[in-house]
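S.K.: take a look and give me a structure for this.
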Amino acid sequence: MSNLVIDIKDGYAAIATGSENQRAYYKILFDESDFVGESGSAKSFTSLSLFELADDNLKNLQSQAEMTTLVVPMRFSMVKPVDIDKAGLDSLGDEFLTWESHQQLPEDLGDFEIGFYKLRRSFDDKSYKFMFYASTRDFTDVLSNFVASSPDLKVEIKSEAIGLFNAVCLASDKQGVGVAIALESDGASVVIAHDGDFLAGKFIPGDNTSLGEEIMYYVFANCADDLKPKVLICGDLDYMDHLGRLDWADRLQMPAQFGLQAAAGIDEPMMYVAAAGVNFQFDD
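M.R.: Numbers count the residues shown, from 1 in each chain. Below is the predicted model of the structure:
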């Protein structure tokens, strides 16, 4: 299957495409005005889309893709682990997940784009553990309209958190406490895993060295304090100084399976880690 994964960030889109045997990465630069009208509302499908800013090669890849996936930023979403009754899920399927989503976010709070990612079965075989995410529908509609080349193109939505979770599990070989930190200009998306199990994730704001302290407190609040975490730092590494000293953790290297170091024609490969992590799950 030909897949195209689009991770929208501030001023650029990091794009991962291909399969296990052939991966490729691209970047498209844009201004906020390219997809948000003067009033701040979403533009229509007849106005500018992301791929109108792309070169012909990337336009062709997008038109040939069997699936287009939009990565929803963690800064605009909620992410949490949820245990779901196995008997209810096995008997009712998606209907049970819909009911469970209303327990997490009652309908009177508004309209949300939600997703469940099955992680593992409990040891007693009575429940499944899922990663649950939710983002307001108004926001995801704006991004979906921007990345769709036509009103007929169905855009699948995934959370940035699942991409970072896949990345840190690969980088740590699912051993010990692994933390993915995806840097942006004014904060970082953080995902914490322990032995390949999802513990927590959220966007932590900050644009100075206090960000590193906030991340440290968040990590130790969600894992055993006798385990030294290992961190995978990705995203925009121009803001590394916001992390300050990292003597509370060991560094992880980017997963070799993503092929980012060997990919041709890209700079700053760590910007593509979240998109690569979302794309990687298609190989399962």
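
S.K.: ok, and what's touching stretch 234-242?
M.R.: Residues external to stretch 234-242 that are found in contact with it (Cβ atoms under 8 Å, 6 or more residues apart in numbering): 9, 164, 167, 180-185, 188-189, 206-209, 211-212, 233, 254, 268, 270-271, 273-274. Placement of C-beta: from N, CA and C, glycine included.

S.K.: restricted to strands, list those residues.
M.R.: Secondary structure assignment by DSSP state E places 9, 180-184, 188-189, 233 of the contacts of stretch 234-242 in strands.

S.K.: one step back: weed out the non-buried ones from the contacts of stretch 234-242.
M.R.: 9, 164, 167, 180-184, 188-189, 206, 211-212, 233, 254, 270-271, 273-274 (16 or more other Cβ atoms under 10 Å).

S.K.: by mean pLDDT, which helix or strand of the chain comes out lowest?
M.R.: helix 56-64 (a mean of 78; mean pLDDT, DSSP states H and E).

S.K.: my read: residue 126 touches residue 85, true?
M.R.: Yes: shown here, residue 126 and residue 85 form a contact pair, counting by Cβ atoms under 8 Å, at 7.2 Å.

S.K.: what is the mean pLDDT for the helix or strand hosting residue 23?
M.R.: Counting by DSSP states H and E, the secondary-structure element that holds residue 23 is strand 22-29. Confidence over strand 22-29, taken as the mean pLDDT, stands at 86.

S.K.: equivalent analysis for stretch 183-203, please.
M.R.: For stretch 183-203, the per-residue pLDDT values average out at 95.

S.K.: output that stretch as PDB, restricted to C-alpha atoms.
M.R.: The C-alpha atoms that make up stretch 183-203 are tabulated as PDB, following Å, rounded to 0.1, in the frame of the first residue of the first chain:
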ATOM      1  CA  LEU A 183      10.900  20.300  20.100                       C
ATOM      2  CA  GLU A 184       9.100  23.300  18.700                       C
ATOM      3  CA  SER A 185       9.800  27.000  19.000                       C
ATOM      4  CA  ASP A 186       7.500  27.400  22.100                       C
ATOM      5  CA  GLY A 187       7.400  24.000  23.700                       C
ATOM      6  CA  ALA A 188       7.700  20.300  23.100                       C
ATOM      7  CA  SER A 189       5.400  17.200  22.600                       C
ATOM      8  CA  VAL A 190       6.400  14.600  25.200                       C
ATOM      9  CA  VAL A 191       5.500  10.900  25.100                       C
ATOM     10  CA  ILE A 192       6.600   8.500  27.900                       C
ATOM     11  CA  ALA A 193       6.900   4.700  27.500                       C
ATOM     12  CA  HIS A 194       8.100   1.900  29.800                       C
ATOM     13  CA  ASP A 195       9.200  -1.400  28.400                       C
ATOM     14  CA  GLY A 196       7.200  -0.600  25.300                       C
ATOM     15  CA  ASP A 197       4.000   0.300  27.200                       C
ATOM     16  CA  PHE A 198       2.500   3.800  26.800                       C
ATOM     17  CA  LEU A 199       2.400   5.800  30.100                       C
ATOM     18  CA  ALA A 200       1.600   9.400  29.300                       C
ATOM     19  CA  GLY A 201       1.900  12.200  26.800                       C
ATOM     20  CA  LYS A 202       1.200  15.900  26.400                       C
ATOM     21  CA  PHE A 203       2.400  19.100  24.900                       C
END
